[in-house]
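Asks: my questions concern the predicted model and sequence given below.
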Amino acid sequence: MANNNKSVEMDVAGGGVMRNGGGDLNRSLRRAASQAFWDGMEARFMERCKVGLCLGEKMLLRVSRFFEDSKPLLLANIDTFGTGSVEEAERLWNACTLYAVKMLSSATCVGEDADTVEGGAAAGFTLTQLLQVTKISVMDLFKELPQFLVKAAPTLEALYGDSWEKHLQVKEVQANIVHVTVLFNYYNRVYKELFFSSEYSVGNVNGSPSNVNGSFSPHMQFGWMLFLALRMHVLNQFTDLVTCTNGLLAIIVILMLHMPAHLRKVCVKDASKFTKRGPKGVNLVASFCNMYYACTEDASCMVEKANSMIADLFNKKPSDESISCHPKQIAGIDLDGLAYFEGLMENGCITSNLYILEKDYEEAYQSHGELDERIFISGEVSLMGCVSCDSPDISAYKRKYDTISSPVRGSAVSTGVLLSSVNASPCSSPVKMGGSSTANSNKIAPPTPVSITMTTAKWLRDVITPLPAEPSLELQLFFRTCDRDISCDVRNRAQVLLESIFPSNGVGNCRGVQGSCLEDTIWVEQRRLEALKLYYRVIGAMCQSEAQRLQNSNLTSLLSNERFHCCMIACSAELVLATHKTVTMTFPAVLEPAGITAFDLSKVIEYFVRHEDTLPRELKRHLNSIEERLLESMAWEKGSSMYTSLIFAKPNLAAEINRLCLMADPMPSLDNLGSEDGPTPATTQCLAGASPARNGGAAGSYGSAEQAGPACFSSPVKERLSAFSTFISPLRNRLRAPLQSAFASPQRPSPLGGGETCAETVINVFFQKVLILAAVRIRNLCERLGQSQQLVERVYGVFQHTLQRQTSLFFNRHIDQLILCSIYGVCKVSKVTVTFRDIIHQYRMQPQCKFHVFRNVFIDLPPWPRNGKGGGQVTGDIIKFYNEIFVHSTKTFLLHIGSAPVSSNAHGLDEGNCPNSESPASPGCPAFPVLPDMSPKKVSAMHNVFVSPLRARKADSLTSPHMHSLYACVGESAYAYQSPSKDLTAINNQLKKRRLGRLNFSEAALVSD
């Protein structure tokens, strides 16, 4: 038996080495040909720089230096860069190298050190030229760039200083590109709804393209170029999506006014579309804003600015004489606030005017060196690649049906609403594109990122903006009812924090003219007011509901807690920023200015949503994604306040936490937050050698909640669907702890009782949320691997054992890294043939997949400082982490699972044989959580087959023979004496019969649940 155990142990320890067989052969060939490969690659790189990009001497010197310093990194990581092809890895590495040097040179080199070429391009070349020379797409570049930057970080820091990451602006540029992409898709669709694509399309109701190659008409190109000119001359470099959409609608208004009448597909006399009318005719701006959920005031302001820009670019002035010459063109339109320019879009002038816009854009494009946004209309859109909305702003619009069962996607945060996408059902969003409430409109277009954003902005404009910028009378009464009047403290704190989150000089790069920086200041002030009003509104709802439950209006224990208020203000500001889809201020940008950590914010998300009933579903989904990010990685990062609670809840982890320097800095004072320099860095707390129970420093950072008070701030609101309470589990009551314990002193007894401290309650609640999230991901990944339910339960048992007994494995890591290792370890000891390559291949299909999760895993801190600094760390891929760290920590538990007989109980393992089961703190053999059946659910790992379960409220209908005939159940036919296969054929025939976009169900009662 001992020999068997030894062989199993060796299998566990060595089984993770995926680099066998073909992998060793590939490395041998690479070593044999390394010198020839490097010689050829360096020559090709220099050719791209000299011939393809025409770099000057200074720029060429910088690029060559960085390339030489990063050569060893490429050789060490060439098999993990891209899809594994050496040629592709070379091109991607070249592109990332050139892009990094280009951006950092432009940001750090000024005056005589700045390098330009004859065309005036910043840093010698543009992003579009870089993509063309290296033959890669934007999507490929930004997919691999984070991996490249992690590997090249020491070299970049040595060459460009500590602030290189800030100057690189990767997230801003990526989000900006995604915004431009969705804006063009929006413009393309709206244009085709309103205008004919060409002369050929006149009379064609379908509006088919002008020719078979799909090129755009000059009028459509003119509209897009006019919008790009507006972005350059009026807006700053990184403008939020709502402002850009208002500018795009202003361009649509100008096109509608100047488009030749025979190219208009709609008539202004159509009252169903143009609903805003007055004595002088149709109000175009108000009508379009009503169609597309925009703000009439903002759009009118954009129209005015666009008119001024047109007058300057084309040297034209609107006049009454021009209007009198075109009665048919402007008939029925109210011209108040509009301007008509003679010869702007007539057939004889459109080409020359388009050339003027092209020339103007070319000059700005060459000077800034960004992505050429003309590629959308020039036929070079292949440079974009398959751009999914995978930026921090719009990632929520990508739908994966087989992963909908994430716990934070049916939550207090989302009230059970599933994620939508640009191709989702129109019922998933209230957006109706192409019109407001049109009686003749039978077909509702699916929501898009732009339309969803505008709908959410309408909520902010209609619900929050009209509120007063002061606490309500009821809320002021709560402030005065505390042990002392805290009204002034609340107002001052809100003002300081919002000024820190929304700095007047930190919005974006003001590259435009005509006072764009002044517009940025106004924008910032508006966002501050919106966040302040939302904060007061939610705090007031919380206080009212709590006072009603406790029959006591004294809520000193919570309202006097500074960290609680900081979290609520940060959450309000984040929702405002998410509504406008900002580029420069994406999550987690609000955390540092507010003086909190991601773990702090996770404590209030559910309560915030449960007390704001009107919150749009898209903002709930946004909070879902934030909560998921907090649970999976951000709460485990260095500097997280979670370690402050953990060091009290589990004192045995204090030594490891202090060795890795994971403790959070003390919460900065409001004076530091309000200063220009921002929060003052504090020395990391070190509790090594001291008992956490005796250390009061960390407790003091939790504010005055440590004072005893009569109020236990758990919500009295009737229980609704919450982020994790929807799961039928014995731990359900532990998934939502009172807010008092969440923000109280760690050593204070928990309001839940049971002898726990507040720190233990907070950690237990957090761990249970992590387990639910892990359970969903384990189930989805194992289903893709085709594994049994028993193996799923064993993997979950290993993960829970790791979380409870080997918690230090999560420090500085991502929970998916532990999931991947748990799956492989269980498969290895269970004699299931699954390789790490198979697991990673299936993991890459998950929506939460990031390459750095399995390519860059924290291993340990180096035993010696690097370059006189102690900030370096040792990283490796997931295989190295499994072999060197994970398997040594979980070997005993894995071997026990491999030797345990197959259990007949519901949980797959024999609880009596679990190691450490006699210990009260042992995780034992956990029951796999009962996760909800999300609909639709993927039931095949090989095919895209989805099934929706029969709802309980309809189950009783099947008992009636008459009603039973209305349902087609799996395994039986809806018709008498007909096989299920023929029934499926009948269903397919029904799907093929479409009439006006609707299915015809008149022939058979095929009712789906």
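Replies: Done, it's in. Numbers count the residues shown, from 1 in each chain.
Asks: longest helix in the protein, please.
Replies: In the chain, ranked by residue count with DSSP state H as the criterion, the top helix is helix 516-550.
Asks: can you name the next helix or strand after that helix?
Replies: Heading C-terminal from helix 516-550, the first helix or strand you meet, by DSSP states H and E, is helix 556-559.
Asks: mind checking the pLDDT average for that next one?
Replies: Helix 556-559 carries an average pLDDT of 88.
Asks: just checking, next helix/strand downstream of that helix?
Replies: That would be, after helix 556-559 and using DSSP H and E, helix 562-580.
Asks: so that following helix versus helix 516-550, what angle?
Replies: Here helix 562-580 runs at an angle of 130 degrees relative to helix 516-550 (axes from the mean of the first three to the mean of the last three C-alpha atoms, to 10 degrees).
Asks: picking up where we left off before, show me what the longest helix of the chain is packed up against.
Replies: Helix 516-550 makes packing contacts with helix 473-481, helix 487-501, helix 562-580 when contacts are defined by 3 or more C-beta pairs under 8 Å, 6 or more residues apart in numbering; DSSP states H and E. To be clear about C-beta, it is placed using only N, CA and C from the backbone, and glycine gets the same treatment.
Asks: list the buried residues for that helix?
Replies: Residues 516, 519-520, 523-524, 527-547, 550 are the ones in helix 516-550 that count as buried (16 or more other C-beta atoms under 10 Å).
Asks: please apply the same query to stretch 759-770.
Replies: By 16+ other C-beta under 10 Å, the buried positions in stretch 759-770 come out as 759, 760, 761, 762, 763, 764, 765, 766, 767, 768, 769, 770.
Asks: give me the spatial nearest neighbour of the fifth one, chain neighbours excluded.
Replies: The one in question is residue 763. Leaving aside its sequence neighbours, residue 763 sits nearest to residue 649 (C-beta to C-beta, 6 or more residues apart in numbering; 4.2 Å).
Asks: how about the contacts made by the one you found?
Replies: 746, 757, 759, 760, 762, 763, 764 (C-beta atoms under 8 Å, 6 or more residues apart in numbering).
Asks: can you tell me how far residue 456 is from residue 522?
Replies: Shown here: residue 456 relative to residue 522, a distance of 21 Å by C-beta to C-beta, to the nearest Å.
Asks: what does residue 662 give?
Replies: According to C-beta to C-beta, residue 662 and residue 522 sit 42 Å apart.
Asks: just residue 928 next, same as before
Replies: 54 Å.
Asks: related to what we said a few turns ago, point out the most buried one among the helices and strands packed on helix 516-550.
Replies: Across the helices and strands packed on helix 516-550, the average number of neighbours (mean count of other C-beta atoms under 10 Å) peaks for helix 562-580, which reaches a mean of 25.
Asks: just the angle for it relative to helix 487-501, thanks.
Replies: Taking the same axes, to 10 degrees, one finds that helix 562-580 is oriented at 50 degrees with respect to helix 487-501.
Asks: quick revisit: and the residue nearest to residue 763, what pLDDT?
Replies: Looking at residue 649, its pLDDT stands at 92.
Asks: rewinding a little: turn the contacts of residue 649 into a markdown table, including pLDDT.
Replies: Below are the contacts of residue 649 laid out as a markdown table (pLDDT from 0 to 100):
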| residue | pLDDT |
| --- | --- |
| 746 | 80 |
| 757 | 86 |
| 759 | 88 |
| 760 | 89 |
| 762 | 90 |
| 763 | 92 |
| 764 | 91 |
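Asks: before we move on, the earlier item: what about the buried residues of stretch 759-770, which are in helices?
Replies: Counting by DSSP H, the part of the buried residues of stretch 759-770 found in helices is 759, 760, 761, 762, 763, 764, 765, 766, 767, 768, 769, 770.
Asks: got the contact list for the second one?
Replies: Read that as residue 760. Neighbour list for residue 760: 648, 649, 750 [criterion: C-beta under 8 Å, 6+ apart].
Asks: now, which of the buried residues of stretch 759-770 sits nearest residue 281?
Replies: For those, the closest approach to residue 281 (C-beta to C-beta) belongs to residue 769, at 57.4 Å.
Asks: where does pLDDT dip in the stretch 401-550 of the chain?
Replies: Applying pLDDT under 70 to the stretch 401-550 of the chain flags the ranges 401-445, 506-518.
Asks: no no, the stretch 551-700 of the chain
Replies: Applying pLDDT under 70 to the stretch 551-700 of the chain flags residues 671-700.
Asks: break down it into its helices, ranges please.
Replies: Remark: helices assigned in the stretch 551-700 of the chain by DSSP state H, counting those that start in this stretch are 556-559, 562-580, 591-594, 598-602, 605-610, 617-632, 642-649, 654-659, 670-674, 697-700.
Asks: nearest to residue 859, out of the ones you listed?
Replies: It's helix 654-659; of those, that one is closest to residue 859 (C-beta to C-beta) at 13.9 Å.
Asks: just checking, what packs against that closest one?
Replies: Helix 654-659 sits against helix 642-649, with contacts defined as 3+ C-beta pairs under 8 Å, 6+ apart.
Asks: helix 617-632 and the helix it packs on, what's the angle between them?
Replies: 50 degrees.
Asks: could you shift the numbering so residue one becomes 33, and keep it that way?
Replies: Sure, I'll start numbering at 33, so the last one becomes helix 674-681.
Asks: for helix 674-681, output the C-alpha coordinates as CSV.
Replies: Extracted C-alpha coordinates of helix 674-681, given in CSV (Å, rounded to 0.1, in the frame of the first residue of the first chain):
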residue,chain,number,x,y,z
MET,A,674,-8.8,42.1,3.7
TYR,A,675,-5.5,41.2,5.3
THR,A,676,-6.2,43.5,8.2
SER,A,677,-9.3,41.4,9.0
LEU,A,678,-7.6,38.1,8.1
ILE,A,679,-4.7,38.6,10.4
PHE,A,680,-7.2,38.9,13.3
ALA,A,681,-9.4,36.0,12.1
